[in-house]
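Engineer: Sharing a sequence plus its predicted fold:
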Amino acid sequence: MLDKLKIALTLLVVGAIAGAAIVGVYTLTEERIAANREEAQNADLMAIFPDMDISKLEREEMDLNYLVERMTAYDSDGNELGTIFRGISSSYGGDNTVLVGVDRDGKIVKVIISQTSDTTNIVRDVIDLLDTQFAGKNFDELSHDAPSGATQSYNSVWRVVEEVSLQIEGDPTQEAFRSVFEDADSYSVVFTFEDKAFTDEYVIRDADDAVLGYAYLIEYDEDNEVFLIVDKDDVFKGFVGIDNVDSDVEDAIVYYDDQIDSDLVDIMADSGDVLEDAINDLQPIVEATTRIDKEHVVRYQNYYDDEDDHVGYLYTGYSSGFNGMNVIEILINFDGEIVSIEVVRTSDTPEYIQPDVIDQLDNLYGETSVDGFEADDVFAGATSSGRSVLNAVGAALEAFNERDGE
Amino acid sequence: MISPTVFFVAIVSSMLINNVVLMRFLGVCPFLGVSKKTESALGMSLAVMFVMVISSILTYLVYHLVLEPFGIEYIFIIAFILIIASLVQLVEMAIKKFSKKLYKGLGIYLPLIVTNCAILGVAESNIRDGLASEYGFGGGLQVAIVTAFGAALGFALIMFAFSSIRERLDHANVPESWKGVPVSLVTAGIMALAFLGLGGIV
Amino acid sequence: MAEKKVAKNPMKPKKKKDTQWTNLTKGFIRENPIFVFLLGMCPALAVTTTMETGLGMGLLVIFVLTSSNIVVSLLKDLIPKEVQIPAYIVIIATFVTIVGLLTEAYAYELHQSLGVFIPLIVVNCLIMGRATSYASKNDVKSSAIDGFGMALGFTGALMLIGVTREIFSSGAIALGVYLPFPFEISIINTEMYVFNMDTLGGPAGGFIVIGVLLAIFTARGNALKRKREVERQAWIEQKKKEAAERKRKKDMESAGDAA
């Protein structure tokens, strides 16, 4: 017993002395270590702007996809030298922290990987490229050229640089939307049309994710792209060119300026160009359908049978399948039952979608919900195509029920 | 929810790309000492796998639940090495008690594991990589376990491959002064060269 | 009878000069931790890409090994045998933590380049080995000298590896060959390295350089052994001759007596 006590006591004493010694050294070195760590962090910043006065650095947090910090650098006389962006982007080994320095003319000064979890010899391949590929270049001169064997590490750097480019050069699409809706904060493509004067349909939202309006992308000619913009009540908000459009395109846009703020369906379209076609294509769609702000389904319209009796609603759904977007029309009667489903457009391989999906669709007819259906069971052999159809059908049924509740 | 890709990448990267022995130089002593026979190499690898996974869990928990809240991260060396040493002791006692057969197989390798830097090295790098801040506490733990398992698999792979090579080397006509460890080291170097080539796969 | 020069007996161990000088120098070559005992191979591979990192690691080990040897020797009578190992672990880990904090504070660059291998000093078999096999049995002064000498030998080995790797990797590329190594190509004459010596700075180079150096060390040891063997044979021959001589003389004497 006494022996054991002695052992325990010895260990305790050794541990206590050891602890005291470490705490002593730690308090002695704490400040210096903190200073060293900060200096090491700043060393990367100094490498970008060697004339920078670190105490004058202005830091500002960012919350974007990759960028987390924006720093404005000044020299000791208070002259602005440029901006440094810090971005974090994942690679195969973990996160890479990338610093991008941009001078006042919008030229990249230097790109640095300040922290990496990737294997040293792989990152080295990327680091070797940073100076030749990025330093001293304008953002529009950059080209994506990953070294073989280090693609992931390279892409993590590239993503950050790309986002910096949007910050410096601005995002032309966003700017186009902002010129109409001041509060525009985010946008996304919800639908893609075929055989129309416009292709992509964008929904524009404010910071609270409320819908502000819609935009339709028109390729005016090879070099110029124009948006047809309407607000959420389908009031015409005019045409807006993306980036800088040529002067004759500018003229075409101005032609419609006096009709801004009229309902789209009332617009007189007679400019004789693709803008006229766009309005003419969009008017019947807007007139006949009601929009739905829901994933996988964009709009619905009243459906009349051969005798012109109103028998139900036709929903236009979309979902990405195996290869790209599939567009599906779902007819639902007043009881909320599926009457028919038609795949009107598909990017998936016809051999897959034909026997395995389209021929199985009548299994769903008469259903009021797709909860019991698994794509794997119903569409064995074409699961992803089938799942995309199920997504759209499910969304349509949900939209129907929500509409009913109103 | 962490996507399965994260786990897959973690296991491939810790097993092959950042192989503990050949790329990170951890666990070289047992690699040179115990890899003379395939059988003992496998025994050692199993014991390492066992201890590495458990010690990774324990050190992760202790670091984030004890050291970090108290702000005494800097004593992690003492904490980790004590955890590993007592864990090995415990495992040894448990195996001895429950399975004589297993003890016969693994018993002699267990004490050696305390000084195997791969265990401490992997535990340390799990903390240093900031898994907890990246995937959250629970997610970080899962990734840490998978990483440790992958590292142990990598260790086992090298031990097995190398012991097989060494069994043949014994019969090769090697110059007197190159016999044994020197030629093994050069062989390991060539293996490391081969592993460099795996760098690009993820 | 004429005085005849007698060969020394090489089998008889030289009278052990147990001076502190031999205690200090034994780790340099004869009991070199890396090249003879293969202890601490992990840092020997990992931190020897350049001579400076090797030297830096060596300095840390000198500090830790000398201090831990002193403390272990001081406490040798106080620590019960049952808890020797845990107590030693705590002592060594303490010094490693201290040295880690000090390097981070005063040699940040070194701290960054050594990375995980600073905490890993704690599992360096050399340190635990000296604590259990020497410091726990000897007085403080000899333990300190033993630790210092052994760590010095360790440092020397790291530097030798570091110098070799640095010359072959960067010496051929960035700085130009500034040391006239006549066997630069012939020592590593496989096709792969002639073109890209940079490899020696990488992971594979560590293994290969140590392997080659180890072979040289072994060759030297073997040569010594052979020399001793030759001496021994010569000595045996001489003893045999002497015995035969004596026998012949004795025979002659007895023959003379008989006559």
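Structural biologist: Nice, thanks for sending it over. These figures come from a predicted structure and were not determined experimentally.

Engineer: thought B:Phe76 was touching B:Tyr63?
Structural biologist: Yes - here B:Phe76 reaches B:Tyr63: they are 6.2 Å apart, a contact under C-beta atoms under 8 Å. Where you see a C-beta, it was placed from the backbone N, CA and C, and this is true even at glycine.

Engineer: Which one's more surrounded, those two?
Structural biologist: Using other C-beta atoms under 10 Å in any protein chain shown, the more surrounded residue of B:Phe76 and B:Tyr63 is B:Phe76, with 23 against 20.

Engineer: and the more buried one, which of the three is it?
Structural biologist: helix (DSSP: H, G, I helix; E, B strand; the rest coil).

Engineer: one step back: anything in contact with each of B:Phe76 and B:Tyr63?
Structural biologist: Common neighbours of B:Phe76 and B:Tyr63, counting by C-beta atoms under 8 Å, 6 or more residues apart in numbering or on different chains, are B:Ile127.

Engineer: Can you verify my assumption that B:Met52 contacts B:Val122?
Structural biologist: Yes - under the contact definition of C-beta under 8 Å, B:Met52 touches B:Val122, with a separation of 5.9 Å.

Engineer: any common contacting residues for those two?
Structural biologist: B:Ala148, B:Ala151.

Engineer: So C:Thr22: helix, strand or coil?
Structural biologist: Using three-state DSSP, the secondary structure recorded for C:Thr22 is helix.

Engineer: Can you read off the pLDDT for it?
Structural biologist: pLDDT for C:Thr22: 82.

Engineer: A:Asp356 now?
Structural biologist: A:Asp356 carries a pLDDT value of 69.

Engineer: Run the chain-centre distance for the helix or strand C:Leu152 falls within.
Structural biologist: Here C:Leu152 sits within helix C:140-169, counting by DSSP states H and E. Taking C-alpha atoms, centre = their mean, to the nearest Å, one finds helix C:140-169 lying 8 Å from the centre of the chain it belongs to.

Engineer: just checking, what packs against it?
Structural biologist: Helix C:140-169 sits against helix C:20-25, helix C:41-46, helix C:51-74, helix C:125-130, helix C:203-258, with contacts defined as 3 or more C-beta pairs under 8 Å, 6 or more residues apart in numbering or on different chains; DSSP states H and E.

Engineer: among these, which is the most enclosed?
Structural biologist: Most buried of those by mean neighbour count (mean count of other C-beta atoms under 10 Å in any protein chain shown) is helix C:41-46; its value is a mean of 26.

Engineer: In the helix or strand where A:Ser156 lies, which of the residues would be classed as buried?
Structural biologist: Element membership for A:Ser156, per DSSP H and E: helix A:151-169. Using 16 or more other C-beta atoms under 10 Å in any protein chain shown as the test for burial, helix A:151-169 gives A:151-168.

Engineer: hmm, back to that, what's the model's confidence in the helix holding C:Leu152, averaged?
Structural biologist: In the prediction, helix C:140-169 has an average pLDDT of 88.

Engineer: Return the angle between stretch directions for it and helix C:51-74.
Structural biologist: Interaxial angle, helix C:140-169 versus helix C:51-74 (axes from the mean of the first three to the mean of the last three C-alpha atoms, to 10 degrees): 160 degrees.

Engineer: before we move on, the earlier item: who wins for proximity to B:Gly140 among the helices and strands packed on helix C:140-169?
Structural biologist: With C-beta to C-beta as the measure, helix C:41-46 is the member of the helices and strands packed on helix C:140-169 nearest B:Gly140 (25.8 Å).
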